[in-house]
Structure formats: C-alpha cells, structure tokens
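Sequence and computational prediction follow.
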Amino acid sequence: MSAQPSVSLNTPPLAWTELADWQSITAIGEESKSYLQGQVTCDVVQLDATEATLGAHCDAKGKMWSLFRLFHHNGGYALWQHKSGIETALQEIKKYSVFSKVDIEINSQQVSLGILGEQAEAFIDSISESTGDVRDLGFGSAVKIDAMRWLLLVDESAVATLTAKLTAAEKVPSNDWDYFDVSAGLPRLTAAQQNTHIPQMLNLQVLGGISFEKGCYTGQETVARAKYRGTNKKVMRLIQGKGNTTSPFTFERAVGDNWRGAGEAIAQYCNENGDALALIVLNKDIEFDTGFRLADDNDNLWSLVELPYSLND
C-alpha cells in the first residue's frame, strides 16, 4: 500500500504571515487579455473576475520561465509568483509587448500577506464587500488558495491597518505557508529551475494550469505533444524524511547498492523537529519503494508518499 504523509502542522484558527519571497508581475492595458492569452498556458479569456488559475509562461520549446497564480487585479491582471527569478520572468513575458497596448512590470508597490486557518475566509469576509475566490478590496486583492489559505496582495500603505485587524490572529513564519504548498503538491519555480521543465513535469495538467482548448501560445506545440503523444517522461512527486537545513534540499536515490543524483527540491518544508517534506521531479516509472537521501546526509532515508491528487490526466 502506498504511504501517506505523516508530517503535519498545527495551525491556529486564524494566523497570518508575511510572504516576502513572493511578488507579482502585472499586465495592464486594453490588450492585456489578448496579449497574455497568446503567451501563457492557462485560458485568460475564460477567466472570470472572481476566479484565479495556475499558469506558466514557456519558451518556444515549452520550458518554463515562470509559474504563477493569475487573477484579475487593479484593472488588469496579476501573475503572482516566487520572487526568485522574477526579473528574468519579466523580461521574457514582456518581450513582444511593444507590439500590443499593454504595460507589463513587476509590482513593487504592493506586498503579499498570507491568511491561514479555519477562520481565514471569515476574516476575508470581514474586510471585503464581495464574494468569490478573488475579491477586489480597493487597496488590492484577496485570493483564495485553498480551504485554509487566502492571499492578500495589497498596497504597502494598507498593511498597518490590516495587521491591526489581525491582533487576535497569531503571526506565524512563512515556513507554515510552505507546508501547505508542499503537502498540497503545489509547485513553484525559482531561478534555479527556470528554463528546465515543461509544465507537465510540475503536474500543471492536473492542477488546472494548462488549457488544451485555447488558441496558440508560446511553447504550445511541446505542451500539446506531451499530452497527446505521451512524450513527457517525468512528473513531480512528494517525498518525506528528515532534514536539518534551510538551504535547498538536493537528493540522491538508491540504485541497487549505489546512489545516484536525483535533483533539487522544487519546494520544501522542514519543522523544528527536522520532519520534512519536499517536491521533486522524477521519472514517471520510478518504483514507489525507491530509497532516497539528502546528498549531504547519509544517515536518514527519505521515501515517496502520496500526493493529494491523481497524476492521471
């Protein structure tokens, strides 16, 4: 029987954290919708103002420059993503924008806050007048990530007022946000991983981040071929073990009596007891009972555990 993750997190009923490692690229202008539609893997045209979607921007060969959560924001769109590599992501996605009526830039005037816990949505209800998974707050946007989390992408000037309203909430480290991402099997793309993976290697096809019905976009041929011809041989898996570092986890896998490199974690979480989870890209056909270890730790074995979703697309 496949193993289930045993690493857990006790989250307060209402908590918040600063997400300093996350930022957004914004696209504003009368042709922002059509421009993005021709660049990214998700369907921007069909995206309702109350919805958000994962998506990616690829090069012509289908390798990802950025992986983001896209939503309507401040009269245009926000592509919210990990800050590492965002400068490169910006240059790539705006490369042809000179031919369209769209302004694309890094949103440096707003900050990201994470609201966590079973009372997270109730708090969002208290500061917003609308409903839906994406809400215009006037000073930014509130975006539902999952049942336990909301993102606030807001003006710097609004942070003090918001945190004053969160006095009954516990401030937690951003590592708690990482736990929810990793345990949910949500990928991210850092500078070290740019231009390396096609979207299916990070499971975007089962996370709603790829539309196979929309028109052409950069890298579409490779992405479509991976689906219809089965050319993609790698997927992202969830792995569990012991860690003792905040630096990126680098793994080795057992091959008989030997060990071979298995790559860096896409995302990782480690608590104060050293219990750790990570997402890594592996061959589709790898045996589930394969042993793993950190490259700098020969004493603690890691093992694959089940993702919370099926990889059958």
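That came through, no problem.

rest of the way, CA atoms for contacts and neighbours
Noted.

wait, what's in contact with the spatially closest residue to residue 5 that is not a sequence neighbour?
Spatial nearest neighbour of residue 5, chain neighbours left out: residue 305 (5.6 Å); criterion: Cα to Cα, 6 or more residues apart in numbering. Residue 305 makes contacts with 2-5, 237-240, as judged by Cα atoms under 8 Å, 6 or more residues apart in numbering.

so how far is residue 16 from residue 305?
As for residue 305, its distance to residue 16 is 28 Å (criterion: Cα to Cα, to the nearest Å).

before we move on, what about residue 92?
33 Å.

These two: who's more crowded?
Neighbours per residue, other Cα atoms under 10 Å: of residue 92 and residue 16, the larger number sits with residue 16, 25 against 17.

mind checking the SS state of the more buried one?
strand (DSSP: H, G, I helix; E, B strand; the rest coil).

need the contact list for it.
113-116, 166, 169-172.

Let me know the closest of the residues you listed to residue 295.
residue 172 (29.7 Å; Cα to Cα).

tell me which element residue 176 falls in.
helix 175-183 (DSSP states H and E).

what's the offset of that helix from the middle of its chain?
10 Å (Cα atoms, centre = their mean, to the nearest Å).

please begin residue numbering at 39 from this point
Sure, I'll start numbering at 39, so the last one becomes helix 213-221.

Which strands and helices lie in contact with that helix?
When contacts are defined as 3 or more Cα pairs under 8 Å, 6 or more residues apart in numbering; DSSP states H and E, helix 213-221 packs onto strand 305-308, strand 313-321.

Quick check: which of those is buried the most?
Greatest average neighbour count among these goes to strand 305-308 (a mean of 24), per mean count of other Cα atoms under 10 Å.

Outline the domain layout of this structure.
53-221, 272-351 (automatic domain parsing).

Nearest spatial neighbour of residue 213, chain-adjacent residues omitted?
residue 307 (6.7 Å).

wait, what's in contact with that neighbour?
Here residue 307 is in contact with 213, 216-217, 220, 314-316 (Cα under 8 Å, 6+ apart).

got TSV for those residues, with pLDDT and distance to residue 347 too?
TSV is the format used below for those (pLDDT from 0 to 100; distance: Cα to Cα, whole Å):
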residue	pLDDT	distance to residue 347
213	96	22
216	97	18
217	98	16
220	98	13
314	96	20
315	97	16
316	98	16
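
can you pull out the helices in the stretch 239-351 of the chain?
For the stretch 239-351 of the chain, the helices defined by DSSP state H, counting those that start in this stretch occupy 258-266.

What segments of it are strands?
272-280, 288-293, 296-302, 305-308, 313-321, 330-332, 339-343 (DSSP state E, counting those that start in this stretch).

Partner strands of the fifth one and their direction?
Here the strand partners of strand 313-321, with direction, are listed using DSSP bridges: strand 272-280 (antiparallel), strand 305-308 (antiparallel).

Let's have the ones you listed in CSV, adding mean pLDDT and distance to residue 247.
Shown next, in CSV, are the strands paired with strand 313-321 (pLDDT from 0 to 100; distance: least, Cα to Cα, whole Å):
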stretch, mean pLDDT, distance to residue 247
strand 272-280, 97, 14
strand 305-308, 96, 18
